[in-house]
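Enquirer: Predicted model and sequence follow; I will ask about them next.
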Amino acid sequence: MKIPFNKPYQCPDEREYVTQALESGRLAGNNAYAQKVQEHLKQKHKLKNVYLVPSGTSALEMGVWLAGLKPGDEVILPSYTFSSTANAIILTGAKPVFCEVDPVTMNADPAHAKSLVTDKTKMLLPIDYAGLPCDIDGFSAIAKDFDLLLMIDAAQSYGSYYQEQACGSFGELSTFSFHETKNISCGEGGALIVNNPNWIERAHFLQEKGTDRRLVLYGQKSKYHWVDIGSSFLLSDILAALLLAQLEYEDDLLALRTKVTNAYTDLFEQYHAQGLISITPYSDNARLNSHAFWVIFDSEQNKNGFLTQLKERDVYAYIGYMPLHSSPMGQSLGYRAEDLPITDSVGKRIARLPLYAELAEHGLDYCLEQMARVMKDIYGF
């Protein structure tokens, strides 16, 4: 049996909705299915001012433009994130300033982030790694104390909650990804959530290539003009149709993924309790979306052995992010691996386990059996 790292789930009504979108003749963005998706997010998670975009990367880029980043500004973010988070900053001419992670949550460490604030700092940009919300209270306090903007890269945390409030509803801006690897997917897609009411109209302009075309569509103007910077930050209605079918099934997907994360927790808890590894802290969090499960080993050698032995058994676990500060681009910005020793250390020792909804239905027992055998080979029990 082969257990891939990720596998998209096919939900009921996907074909029907996509066919309806095709037959409508309205295939571009902000049409019928986009409106249905926006209404779903509003009703299900009380998310407001949702802008559907082609990807999570697009959401970040649209967000930093909307926030007004410019050359000379600095943005504090974790090094342990995907390149899109930093690229969005660099595209504005601003500078990414990398902070350490908390090795328990793998999210940005607010204390270290606070120590990096200068008079050039304009924004804080933490991520919700593996669907675990970042320390919203900690970063909100820093933003308030230093008059900074707060934008959350929530690419992985759609459906998770922080203190009974949905991820995506924090900060001036939050971003989601609906990539093939995410819990809810339309292949490629994303969303920018604009929580600052003063930015709503301009967000429409940016999404529509810098034009006020929306005002024409709503009868407020007879013709549109070029009024701002912008790009084609629009999700095709065909993909929005696919996304709606996934969203309508999100509770079932969450139940399946939770079955997997609970099984992983049960399997690895004995090693975690003895201090040999650390694992995703699902037991400490009540409402998470079960996006990912990681294991941080006590040595890089044991991590490599774990991945290799599983691959020999056709179970495909994977490494985590390659920290950005020690990457070629990070080095070009003047960083060295030793600048962030915690991030550098855990980045070498972390492994992410296969996690997709269908695994709960087919292959989970085999996956657990093989992992148990590998862990026994590594640690002797």
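Expert: Everything's here; your move.
Enquirer: I'd like the next helix or strand past the lengthiest helix in the chain.
Expert: What stands out as the longest helix in the chain, according to DSSP state H, is helix 250-273. Next helix or strand after helix 250-273 toward the C-terminus (DSSP states H and E): strand 277-279.
Enquirer: so what strands line up beside whatever helix or strand comes next after that following strand?
Expert: The first helix or strand that comes after strand 277-279 along the chain, using DSSP H and E, is strand 294-297. As defined by DSSP bridges, the strand partners of strand 294-297 come to strand 277-279 (antiparallel), strand 350-352 (antiparallel).
Enquirer: May I have the worst-scoring helix or strand of the chain on mean pLDDT as PDB, with CA atoms only?
Expert: In the chain, no helix or strand scores lower on mean pLDDT, DSSP states H and E than helix 213-217, which sits at a mean of 79. Presented in PDB, the C-alpha positions along helix 213-217 are these (Å, rounded to 0.1, in the frame of the first residue of the first chain):
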ATOM      1  CA  ARG A 213     -14.900  49.200 -12.400                       C
ATOM      2  CA  ARG A 214     -16.900  48.000  -9.500                       C
ATOM      3  CA  LEU A 215     -18.600  51.400  -9.200                       C
ATOM      4  CA  VAL A 216     -19.800  51.100 -12.800                       C
ATOM      5  CA  LEU A 217     -21.200  47.600 -12.200                       C
END
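Enquirer: quick one: contacts of it?
Expert: The set of residues external to helix 213-217 that reach it, using C-beta atoms under 8 Å, 6 or more residues apart in numbering, is 204-205, 208, 221-224. Quick note: C-beta positions are derived from backbone N, CA and C, even for glycine.
Enquirer: List the buried residues in it.
Expert: Within helix 213-217, the residues that count as buried by 16 or more other C-beta atoms under 10 Å are 213-215.
Enquirer: got it, and stretch 144-155?
Expert: 148-155.
Enquirer: Return the list of helices and strands in contact with the helix or strand containing Met371.
Expert: Met371 belongs to helix 364-379 when assigned by DSSP H and E. When contacts are defined as 3 or more C-beta pairs under 8 Å, 6 or more residues apart in numbering; DSSP states H and E, helix 364-379 packs onto helix 250-273, helix 300-312.
Enquirer: Just the C-alphas of it, formatted as PDB.
Expert: Taking Å, rounded to 0.1, in the frame of the first residue of the first chain, the C-alpha atoms of helix 364-379 are listed here in PDB:
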ATOM      1  CA  LEU A 364      -4.600   4.800   8.300                       C
ATOM      2  CA  ASP A 365      -4.000   1.400  10.000                       C
ATOM      3  CA  TYR A 366      -1.200   0.600   7.600                       C
ATOM      4  CA  CYS A 367       0.300   4.000   8.100                       C
ATOM      5  CA  LEU A 368       0.200   3.700  11.900                       C
ATOM      6  CA  GLU A 369       1.600   0.200  11.800                       C
ATOM      7  CA  GLN A 370       4.600   1.200   9.700                       C
ATOM      8  CA  MET A 371       5.300   4.300  11.800                       C
ATOM      9  CA  ALA A 372       5.200   2.300  15.000                       C
ATOM     10  CA  ARG A 373       7.700  -0.100  13.600                       C
ATOM     11  CA  VAL A 374      10.100   2.700  12.500                       C
ATOM     12  CA  MET A 375       9.900   4.400  15.900                       C
ATOM     13  CA  LYS A 376      10.600   1.100  17.600                       C
ATOM     14  CA  ASP A 377      13.600   0.600  15.400                       C
ATOM     15  CA  ILE A 378      14.900   4.100  16.200                       C
ATOM     16  CA  TYR A 379      14.200   4.300  20.000                       C
END
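Enquirer: how much distance is there from it to the middle of the chain?
Expert: With C-alpha atoms, centre = their mean, to the nearest Å as the basis, helix 364-379 stands 28 Å off its chain's centre.
Enquirer: and it, which residues are buried?
Expert: Buried, per 16+ other C-beta under 10 Å, within helix 364-379: 364, 366-368, 370-371, 374-375, 378.
Enquirer: Reformat the buried residues of stretch 144-155 as CSV; add distance to Asp266, pLDDT and secondary structure.
Expert: Below are these laid out as CSV (distance: C-beta to C-beta, whole Å; pLDDT from 0 to 100; DSSP: H, G, I helix; E, B strand; the rest coil):
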residue, distance to Asp266, pLDDT, secondary structure
Leu148, 41, 98, coil
Leu149, 41, 98, strand
Leu150, 36, 98, strand
Met151, 36, 98, strand
Ile152, 31, 98, strand
Asp153, 30, 98, strand
Ala154, 28, 98, coil
Ala155, 28, 98, coil
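Enquirer: Closest to Thr258 out of those?
Expert: Nearest to Thr258, judged by C-beta to C-beta, of the buried residues of stretch 144-155 is Ala154 at 19.0 Å.
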